[in-house]
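[1] Sequence and predicted structure below; questions after.
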Amino acid sequence: MPHHTYKKMEIVGSSSVGIEDAINHAVEKASQSVHNMRWFEMQEVRGHIEEGKVAHWQVTVKIGFTLD
């Protein structure tokens, strides 16, 4: 079994739809420039409130990937 070395990066995804959508957008965007992504960890959730309702979600995620 080969040995792997991993690195983690922290990014923030946003969405007006919900938490899962914010995470999906963050992962999809990161995948355009980061290769060998393996997992993500949700770290923090924030939101923007307008007129007494949640209008926007921000989710901080750490994404783990293997180094070449």
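    Ah, there it is.
[2] Please enumerate the strands of the chain.
    For the chain, the strands defined by DSSP state E cover 6-15, 37-50, 53-66.
[3] Any chance of these in CSV with distance to A26 as columns?
    Bear in mind the C-beta positions are built from the backbone N, C-alpha and C, glycine included. Putting the strands of the chain into CSV (distance: least, Cβ to Cβ, whole Å) gives the following:
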stretch, distance to A26
strand 6-15, 3
strand 37-50, 8
strand 53-66, 5
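[4] Now render those as TSV, adding mean neighbour count and mean pLDDT.
    Converted to TSV, these look like this (neighbours: other Cβ atoms under 10 Å; pLDDT from 0 to 100):
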stretch	mean neighbour count	mean pLDDT
strand 6-15	14	97
strand 37-50	12	96
strand 53-66	16	97
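[5] nearest to K29, of those?
    Checking the strands of the chain against K29 by Cβ to Cβ gives strand 6-15 as the closest, at 7.4 Å.
[6] rewinding a little: to E28, which of the strands of the chain lies closest?
    strand 6-15 (8.8 Å).
[7] Who are the packing partners of that closest one?
    Helices and strands touching strand 6-15, by 3 or more Cβ pairs under 8 Å, 6 or more residues apart in numbering; DSSP states H and E, are helix 19-30, strand 37-50, strand 53-66.
[8] Please name the nearest non-neighbouring residue to A55.
    Excluding its sequence neighbours, the residue lying closest to A55 (Cβ to Cβ, 6 or more residues apart in numbering) is H48, at 5.0 Å.
[9] Please disregard the earlier target; I meant R38.
    With Cβ to Cβ, 6+ apart as the criterion, R38 has its nearest non-adjacent residue at 5.2 Å, and that residue is G64.
[10] ok, that neighbour touching E10?
    No: when contacts are counted by Cβ atoms under 8 Å, G64 is not listed as touching E10 (10.8 Å).
[11] Please enumerate the shared neighbours of these two.
    Residues touching both G64 and E10 (Cβ atoms under 8 Å, 6 or more residues apart in numbering): there are none.
[12] Good, we can wrap up now.
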